[in-house]
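Undergrad: pasting the structure only:
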């Protein structure tokens, strides 16, 4: 199926791997009102637009908010290393990690990837080994499996852009991706955070959608954070 031109909304700003890697590898700027600890615990966030925060300011994305809350709770945390860019698939992320060469081990590694594989209609049977390979790469950078947190791919089919692109077909594929994710997580003994339920609220709460009619608004990042924070905090202390 050939997706309409608004498909570019998911890949907006995806001008190449180098811009994403070198623009983001240095990590976020110090979150407002908090103090970075250069020698503190280290966080590596791997993903795509949902991690880099397409559609919101850097201080509104869940990665930055997570860092702020951890520091507010007394954790000495360095600015996170973020390897993520709008439009990235598992292949793009894999290549970006090769270029970035992040130096582990990290005290917390998060992985949220697969939305663009699904949006580009990759069959579940070919996505599965790619996702498993990315999860294994995440494990290589972690202190131990307990330090890895996988986040499910949100349901983008209920957004205005998602509704234009065969939402039933995409929803079915997303369900298969979720099953693949859960099986891989269980097999490797890592942690899982499910952000699918809050992502589905956009149907009744359009304010949860950013101005591009696709990505999460700051309020949805807040909902994700409520699910991610307790799991990430426990993982950071593992």
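TA: On my side now, so go ahead. Worth saying up front: this structure is predicted, and the values here are computed from it rather than measured. Residues are numbered from 1 along each chain as shown.
Undergrad: C-alpha only now, for contacts and for neighbours.
TA: Fine.
Undergrad: residue ranges of the helices in the chain, please?
TA: For the chain, applying DSSP state H gives helices covering 8-11, 17-24, 49-52, 62-72, 90-100, 115-119, 124-141, 160-163, 167-188, 196-200, 218-236.
Undergrad: Tabulate the ones you listed (TSV), appending mean pLDDT and distance to residue 150.
TA: Putting the helices of the chain into TSV (pLDDT from 0 to 100; distance: least, CA to CA, whole Å) gives the following:
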stretch	mean pLDDT	distance to residue 150
helix 8-11	45	21
helix 17-24	35	20
helix 49-52	98	12
helix 62-72	98	13
helix 90-100	98	14
helix 115-119	98	14
helix 124-141	98	8
helix 160-163	97	23
helix 167-188	98	7
helix 196-200	98	13
helix 218-236	98	10
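Undergrad: and of those helices, who's closest to residue 81?
TA: In terms of CA to CA, the element of the helices of the chain nearest to residue 81 is helix 17-24, at 7.2 Å.
Undergrad: would you list the helices of the chain in JSON lines and tack on distance to residue 154?
TA: Shown next, in JSON lines, are those (distance: least, CA to CA, whole Å):
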{"stretch": "helix 8-11", "distance to residue 154": "13"}
{"stretch": "helix 17-24", "distance to residue 154": "21"}
{"stretch": "helix 49-52", "distance to residue 154": "9"}
{"stretch": "helix 62-72", "distance to residue 154": "13"}
{"stretch": "helix 90-100", "distance to residue 154": "16"}
{"stretch": "helix 115-119", "distance to residue 154": "8"}
{"stretch": "helix 124-141", "distance to residue 154": "15"}
{"stretch": "helix 160-163", "distance to residue 154": "12"}
{"stretch": "helix 167-188", "distance to residue 154": "9"}
{"stretch": "helix 196-200", "distance to residue 154": "5"}
{"stretch": "helix 218-236", "distance to residue 154": "10"}
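Undergrad: Could you tell me how many residues sit around residue 175?
TA: 14 (other CA atoms under 10 Å).
Undergrad: ok, now which ones touch it?
TA: With contact set as CA atoms under 8 Å, 6 or more residues apart in numbering, residue 175 has no partners.
Undergrad: quick revisit: just say which of the helices of the chain is most tucked in.
TA: Highest mean neighbour count among the helices of the chain (mean count of other CA atoms under 10 Å): helix 49-52, with a mean of 24.
Undergrad: centre of the chain versus it, how much separation?
TA: 5 Å (CA atoms, centre = their mean, to the nearest Å).
Undergrad: Stretch 184-203 too?
TA: Centroid separation for stretch 184-203 versus its chain: 11 Å, with CA atoms, centre = their mean.
Undergrad: Quote the end-to-end distance of that stretch.
TA: By CA to CA, to the nearest Å, the extent of stretch 184-203 from end to end equals 29 Å.
Undergrad: What are the contacting residues of it?
TA: Residues outside stretch 184-203 that contact it (CA under 8 Å, 6+ apart): 132, 135, 145-156, 158-159, 182, 208-209, 216, 220, 223-224, 227-228, 231, 235.
Undergrad: next one: stretch 220-230
TA: Contacts to stretch 220-230, defined as CA under 8 Å, 6+ apart, come from residues 60-62, 65-66, 69, 193-195, 198-199, 208-209.
Undergrad: Kindly provide the distance from the residue lying closest to residue 88 once chain neighbours are set aside to residue 162.
TA: Once flanking residues are discounted, residue 88 sits nearest to residue 48: 5.2 Å by CA to CA, 6 or more residues apart in numbering. Distance check for residue 48 against residue 162: by CA to CA, it reads 17 Å.
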